[in-house]
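S.K.: Here you go, sequence then predicted model.
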Amino acid sequence: MTPQGIRTQPPAAARALLWLLVPALYRDQFLGDLQEEYAERAMARRLPATLWYWREVLRSRPLALRRQLATAPSPGSPKPNGRKATFMDTLLSDLKQGVRTLFKNPGFAAVAVLTLAIGIGANTATFSLINGVLLRDFPAADPHELLAVFMSDSSSGPYGGASWLDYTAIRDRSSTLEDVAAFSDFAPVMLNAGDETQRVNGALVSGNYFSVLGQEPHVGTFFDSRDDEVSGADPVTVLSYEFWQSAFGGDTDVVGSEVLVNGHRLTVVAIAPAGFRGTHLQNSPALWVPMSMLEQTMPFRAGRDLLTRRGSRWLRMVGRMGDDVTFEQAQAELSAIATQLGEEFPEVNMGTLQAPDQARPITAMRARHAFVGARGRQDAEMVARLLFGVVGFVLLIVCANVANLLLSRASDRSQEIAMRRAMGASRARLVRQLLTESLVIAFAGGIAGFLLAAWLRNAMLAFDFAAVGIDVTRNELVLDRNVLAFSVAVSLATGILFGIAPAFRASRHDLVASLKGSESGIGASLPRFGLRSFLVVAQVALSLILLVGAGLSIRSLQHALDVDPGFDTQNVLLTNVDLSLQRYEPPRGQVFYRELLGGVRGLPGVVSASLASVVPVNPSGSRTTVSVEGYQPREGEDMELNVNWVADGFFETMRIGIVRGRTFEPRDASGELIVIVNETFVERFWPDQDPIGRGVQFPGRETPARVVGVVRDGKYRSIREAPMPYMYLPLGPTYEPRMTLLVRTDGDPLAQVPAVRSQIGRLDPDLAMFGTHTLEQRIGEVLLGERTAAIMLAALGAVAMLLASVGIYGVVSQSVQGRTREIGIRMAIGADHGKVLGMVVRQGLGMTAVGIALGAAGAIALTRAAESLLFSVSATDPMTFGVVAVLLGGVAMLACFIPARRATKVDPVVALRYE
Amino acid sequence: MTKRATLGELEQLLLLSILHLDDDAYAKRIREHLRESVGRDVSLGTIYVCLTRLEKKGWASSWLADPTPVRGGRAKRFYAVEAAGREALQRSKDALSSLWQGVEIGAGGKS
């Protein structure tokens, strides 16, 4: 037998199951026999062997085996371990009992299991998302050895980039790090394979990149550290597995063939392993190119001396710690290297904004914490916390609800339990049995919840997470072992949580009263309902918090939707071109823009067209430091202002209103530099003055730009932002190779896509347009996160409210049933329907009121923490609180009213006889 | 039930398999033997239940052997047929042979 075969273990879960089911006496040989055959089968093929093993577990008819073997006096064989058998015996009989009681009471079982399925399903689905986004391992061999290494650039804090020379110094000097790789942030490249040109993400990486990350190619051979020494000498590239699949259908002949990257021929040497997305978990690159090909493949980066200037900090680094090196040792050495570099190159490596007289720090961070993308991770963590908070609340409500169900059932079962005690069952034994029953319910709910989560997963996959800053693919959003373990743990915890109080409560029953069945006499109502009322109060409180959250986010979304962005979002088509990828020189680019605008404006159905470097609402944008004529900035005042390069016709196409002066005209492309500013700009720098004709000094210009017009304020980076000063410069005096084309149409903007594409193709058949969508879609995407939160909170809030009202109904209705006699007497001595109705409803509304008060207090405490997520709504918005309280109160009233009406139907005569 | 209880079919099959396998008679091999020789796939649980019954009746005996790595460090239980078991088998065979005397199931008969 090969060592391989010996190591082959049957599935652990199946073995554990067998271990539990097969009596101790025969366990060894039974499992041994199966394992032996499994090993033989697994040698041939693993999966069929595993399936076979599971089938064997099912076929072992373990219970039958148990009963017959347990009685077998087996001469010469060791006695079974008595204590263990007893434990298993009890557990099995408790389990059996649990399953049996479930089946005996299908209505109860269905409600409990369904309720639990909602709670556990929501939690499992949420966890699967978190598992896929935040908990997945860094995609590398031995990820714990990997460190992200940061330099500091002067303003961005300790987690900045490094220059190529910094990088080589760190790589060569460090002894704690076995090797260090560098890589650029991803840049879009034009990839031409066959007839099709696509715009994809590309990454420039040092030659040792794949070896540092411990990757093995799916096909081919990676380039290595020899491949980044001589500029232009290594025209090779590695494709990502996913891109290879989508663009080439997984054809292995691609390896060794050539592709055109930004017009430059590169040979595909390897396909990266499936699932490898580079070091960032967002914006995965489709291809990797060695650093030596910088000039050839990244033309817009070329000519900036990126490999020779120590001050160009454009690279990220990842290092692999050697054996037996601790994080602290590595960090200490990196700090020492930082000091050396500071001394050697004081002009560039000395001093940051925070510490001007110290060497620029070098900071290490565990790779898995570093590379989700700092922003991406933050967003994802925030969303995760919020989600977990919300679904956690739902689970608590679910627990309270099921506990209530159990309590109500316990009073039905009080005779049975009293009987068991009378027959000699100890209290501990009873608690154990009742808890086992709860766990059976919890696991049934867990299974249903897991199925629900599987269904929810498909729903989640249909949702575009990328739009809310979460990058997760089909392969990562899986219900894997972690998720399964999570739902098992949640089920277990839930079972104990909702089961423990009812179990103790039930086992404490007064023997004599229960056996006599006279427990439901007058006055028995209140203390018995203490725990149940408490649970209902808790449910109401938790629902209120969820509903307030939902209300606030809906109001916030409403406000965001009502915001006037300052332009007309209807009927505008947006698409992008990147002339740098086709190596246009500025004059040629200007001609291209002019001809493109001319052609598009001539299309039938096009009202107007223009170009802009930034189209609002866009979280990114350009800022530049200016000085404003006649304005003395305060010390430390931020004079870096947003600027946008736009062609003539921009304000007309966006329908941004002109307040004073004029807009850009074609003649502005040449001649004196002019600028158009917005209202906030004027208010801040030239209040009560005429801005027309005044100057704004841009860096690198000899003369200031003259203001020729003032336009209305708008939203630029986000819908939620406060008004900010904004400047528009005409395209022409400056040249921008990447522009967005805006086309205002008189009908459906998307209908113009083919015509616009043919206009671009007419001018340059190799130029791709990308990122095509409408302005309305853009605004919709900006609010997608808010919309999702509102919908989700509202849905979960509704579920919570439904559960709470079921809880109220259950408690009130049972208390009515218990008080039938009392009500009968009251009615016999003259209480009318109204009084009885009032009495019952008061009981339910009392609980609701306490719940609402507690919930409001909790909501105020919790929503304050989420205030930053809200848009022009206060976290204590009285309107929201009021509406939610009234809504909840109304639903509670309804839930009380049904049993209350039944109470009024009580016939005094029948009630008095009722026992 | 008298002491001269007859053997069930599975009991016969198992006892014969044990005899066949001689000193390699443990449940897994017995199961394989049944599969190969008579084409019956009997579950391991059934086999153990029946073997236990045979032991209880004194027709077979068993002992534990040393654990082996291929079995995940678990021991094997070997089985042997006792004298009473051989007798029972013999009785069964005799009974069947005498019953078969003069019976002919034609090839063209009902199947």
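M.R.: Arrived safely.

S.K.: Run the chain-centre distance for stretch B:42-55.
M.R.: The chain centre lies 9 Å from the centre of stretch B:42-55; the measure is Cα atoms, centre = their mean, to the nearest Å.

S.K.: touching chain A at all, that stretch?
M.R.: Yes - judged by Cβ under 8 Å from any Cβ of the partner chain, stretch B:42-55 comes into contact with chain A through B:43-46, B:48-49, B:52-53, B:55. C-betas here are computed from N, CA, C, even on glycine.

S.K.: How many residues are close by residue 42?
M.R.: The chain I'm using is chain A. By the criterion of other Cβ atoms under 10 Å in any protein chain shown, residue A:42 has 22 neighbours.

S.K.: look at chain B instead
M.R.: Residue B:42 has 17 neighbouring residues, counting by other Cβ under 10 Å.

S.K.: Look up the closest residue to it, ignoring the ones flanking it.
M.R.: Distance criterion Cβ to Cβ, 6 or more residues apart in numbering or on different chains; nearest residue to residue B:42, sequence neighbours excluded, is residue B:34 at 5.6 Å.

S.K.: Out of the residues of stretch B:42-55 next to chain A, flag the one nearest to residue A:40.
M.R.: Nearest to residue A:40 among the residues of stretch B:42-55 next to chain A is residue B:44, at 14.5 Å by Cβ to Cβ.

S.K.: So what's the residue count around that closest one?
M.R.: For residue B:44, using other Cβ under 10 Å, the count is 24.

S.K.: what sits against it?
M.R.: Residue B:44 makes contact with A:30, A:33-34, A:56, A:59-60, B:27-28, B:31, according to Cβ atoms under 8 Å, 6 or more residues apart in numbering or on different chains.

S.K.: And for residue A:801?
M.R.: A:543, A:547, A:887-888, A:891.

S.K.: for the residue nearest to residue B:42, helix, strand, or coil?
M.R.: Put simply, residue B:34 is helix when judged by DSSP: H, G, I helix; E, B strand; the rest coil.

S.K.: Excluding covalently adjacent residues, which one is nearest to the residue of the stretch 601-750 of chain A found nearest chain B?
M.R.: Proximity of the stretch 601-750 of chain A to chain B (Cβ to the nearest Cβ) peaks at residue A:619, 56.9 Å away. Residue nearest to residue A:619 in three dimensions, not counting chain neighbours: residue A:717, with 5.4 Å by Cβ to Cβ, 6+ apart.

S.K.: And for that neighbour, the neighbour number?
M.R.: Here the count is done by other Cβ under 10 Å, and residue A:717 has 17 residues near it.

S.K.: so which strand or helix has it?
M.R.: Residue A:717 belongs to no helix or strand when elements are defined using DSSP states H and E.

S.K.: my guess is it meets residue A:614, correct?
M.R.: No - using Cβ atoms under 8 Å as the test, residue A:717 is too far from residue A:614 to be in contact (9.1 Å).

S.K.: what touches both of those two?
M.R.: Shared contacts of residue A:717 and residue A:614, defined by Cβ under 8 Å, 6+ apart, comprise A:620-621.

S.K.: one step back: Throw the contacts of residue A:801 into CSV and include secondary structure and distance to residue A:701, thanks.
M.R.: Converted to CSV, the contacts of residue A:801 look like this (DSSP: H, G, I helix; E, B strand; the rest coil; distance: Cβ to Cβ, whole Å):
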residue, secondary structure, distance to residue A:701
A:543, helix, 61
A:547, helix, 57
A:887, helix, 60
A:888, helix, 62
A:891, helix, 66
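
S.K.: Which positions within the helix or strand where residue A:268 lies qualify as buried?
M.R.: For residue A:268, the host element (DSSP H and E) is strand A:264-271. Buried residues in strand A:264-271, counted by 16 or more other Cβ atoms under 10 Å in any protein chain shown: A:264, A:266, A:268-271.
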